[in-house]
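S.K.: I would like the atomic coordinates for the input below:
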Amino acid sequence: MRMSLAQRVLLTWLFTLLFLIMLVLKLDEKAPWNWFLIFIPVWIFDTILLVMLVVKMAGRCKSGFDPRNGSQNIKKKAWYLIAMLLKLAFCLALCAKLQGFTTMKLAYVFIPLWALLIGGMIELGYNIFYIRRD
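M.R.: Model prediction:
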C-alpha cells in the first residue's frame, strides 16, 4: 500500500491542524486536558512514520537482497530512526515537565531537540559539501 504525495501532505496537515487546535484550546484554558492528551496527534503521526521506517529497514533482511545496493540508504534510514526517537524523547520530556511530573530544568528537557538540530545541520552540511569521488 503506497500513499501518493498528495495523500501524505493531506495527512500531515490534518494531524498538524488537530494538534494546533488542541494546543490552542489548552493554552486558552478552554480544555482542562492533560498535556499528554494534547500531543496524541503528534504521537500518532510519529508512530505511523516509525512503522513505515522500520518496515522499510526490515525489508533489507529478506533473502535475495544485495547489501552492496543502497549502503548509503541504510545510513540515511538509521539517521531518520535516531531523529524520530530524539523527537519522541523531547515530546515526552516536555509533556512531563508541563504536566509537573518532573522538576528537571527546562534546559535538560531541550537536550534531545538540540541534539536533533545539530544532527540535522551536520547532515545538511554533509549533503551540500560532500563531493563524491568515484
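S.K.: C-alpha from now on. contacts and neighbour counts both.
M.R.: Will do.
S.K.: Could you point out the helix or strand that follows the helix or strand harbouring residue 95?
M.R.: Using DSSP states H and E, residue 95 sits within helix 71-99. Sequence order places helix 106-109 as the next helix or strand after helix 71-99, per DSSP H and E.
S.K.: ok, and for the helix holding residue 95, which residues are buried?
M.R.: Neighbour-count burial for helix 71-99 flags 79-81, 83-97 (criterion: 16 or more other C-alpha atoms under 10 Å).
S.K.: Report all helices and strands that it contacts.
M.R.: Judged by 3 or more C-alpha pairs under 8 Å, 6 or more residues apart in numbering; DSSP states H and E, helix 71-99 is in contact with helix 35-38, helix 40-58, helix 106-109, helix 111-129.
S.K.: any idea of the angle it forms with helix 40-58?
M.R.: Using axes from the mean of the first three to the mean of the last three C-alpha atoms, to 10 degrees, the direction of helix 71-99 lies 160 degrees away from that of helix 40-58.
S.K.: Show the contacting residues for residue 90.
M.R.: Contact analysis of residue 90 by C-alpha atoms under 8 Å, 6 or more residues apart in numbering lists 109-113.
S.K.: Dump those residues to TSV, plus neighbour count.
M.R.: Shown next, in TSV, are the contacts of residue 90 (neighbours: other C-alpha atoms under 10 Å):
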residue	neighbour count
109	19
110	16
111	15
112	19
113	18
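S.K.: Considering those residues, which is situated nearest to residue 41?
M.R.: Relative to residue 41, the closest of the contacts of residue 90 is residue 113; by C-alpha to C-alpha it sits at 18.8 Å.
S.K.: Next one: the nearest residue to that closest one once chain neighbours are set aside from residue 81, what distance?
M.R.: Closest residue to residue 113 apart from its sequence neighbours, by C-alpha to C-alpha, 6 or more residues apart in numbering: residue 90 at 5.9 Å. According to C-alpha to C-alpha, to the nearest Å, residue 90 and residue 81 sit 14 Å apart.
S.K.: could you give the angle of the helix holding residue 95 to helix 111-129?
M.R.: Calculated by the same axes, to 10 degrees, helix 71-99 forms an angle of 150 degrees with helix 111-129.
S.K.: pLDDT on helix 71-99, on average?
M.R.: What helix 71-99 shows for mean pLDDT is 88.
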